[in-house]
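Any chance you can model this:
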Amino acid sequence: MGLLSVDLLIALQILPGFFSNCLFLALYDSVVLLKHMVLLLSRSKAARGEWRRMLTSEGLRCVWNSFLLDAYKQVGRWKGTERR
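Have a look, this model is predicted:
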């Protein structure tokens, strides 16, 4: 199997987990934003804090790299057992 096909196989293998994490981060951001808006509307002093999003390009890159590293480790273990 060529290197390109292995990379494609790994990418296809991790896509479902990656997208489920993205959906979770988007849901989390939505809930936090809703809470922040409610606090703003109620004129609470707690709403004056900084709101930081979780779903950013840097966060997505980190999640993708984590999934990619785990997948390559699994392939490495699989190749190691194949040689024996």
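
Can you list the low-confidence ranges for this protein?
Low-confidence segments of the chain (pLDDT under 70): 1-4, 44-51, 78-84.

can you give me the helices in it?
3-41, 57-83 (DSSP state H).

want to try TSV for the ones you listed, with mean neighbour count as columns?
Where C-beta positions appear, they are placed from N, C-alpha and C, glycine not excepted. Formatted as TSV, the helices of the chain follow (neighbours: other CB atoms under 10 Å):
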stretch	mean neighbour count
helix 3-41	13
helix 57-83	12
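
what separates the residue nearest to the spatial centre of the chain from Val6, distance-wise?
Nearest to the mean C-alpha position of the chain, counting by CA atoms, centre = their mean, stands Val63 at 3.7 Å. Val63 sits 21 Å away from Val6, going by CB to CB, to the nearest Å.

same check, this time on Ser66
19 Å.

Tyr28 now?
Applying CB to CB, the value for Tyr28 to Val6 is 33 Å.
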